[in-house]
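Undergrad: here are the coordinates; sequence isn't available:
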């Protein structure tokens, strides 16, 4: 059994991230676009938050029906973070501010 198969069995979610020549990124399993500008796109996916960084980035296709997003531009970085860890960081930061 491959690592990909084990992850799919454990989570029950299949997500594809296809990067073509660092210029076109196709992502399936997208729930929401949380933030975007010409340097950073933050997507909420079924497997966590995905941050895409680069230059001259634009969202070329956004389909909520098929949960698919296509991002184009000069892509330099992709990074996943867990939804739960982001929520905990935010709440602890707010907790510190309001103490």
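TA: Thanks, I have it. Keep in mind the model is a prediction, meaning the values are calculated, not measured.

Undergrad: residues touching the nearest residue to residue 36 once chain neighbours are set aside, list them.
TA: Leaving out its chain neighbours, the residue that sits closest to residue 36 by CB to CB, 6 or more residues apart in numbering is residue 59, at 6.1 Å. (Each C-beta comes from the backbone N, C-alpha and C, glycine too.) For residue 59, the contact set (CB atoms under 8 Å, 6 or more residues apart in numbering) comprises 33, 36, 41, 69-71.

Undergrad: next one: residue 18 from residue 24, what distance?
TA: Distance from residue 18 to residue 24, counting by CB to CB, to the nearest Å: 8 Å.

Undergrad: more neighbours: the two, which one.
TA: Using other CB atoms under 10 Å as the criterion, residue 18 and residue 24 rank with residue 24 on top: 14 against 10.

Undergrad: where does the prediction get shaky in the protein?
TA: The chain contains residues with pLDDT under 70 at 1-11, 83-99.
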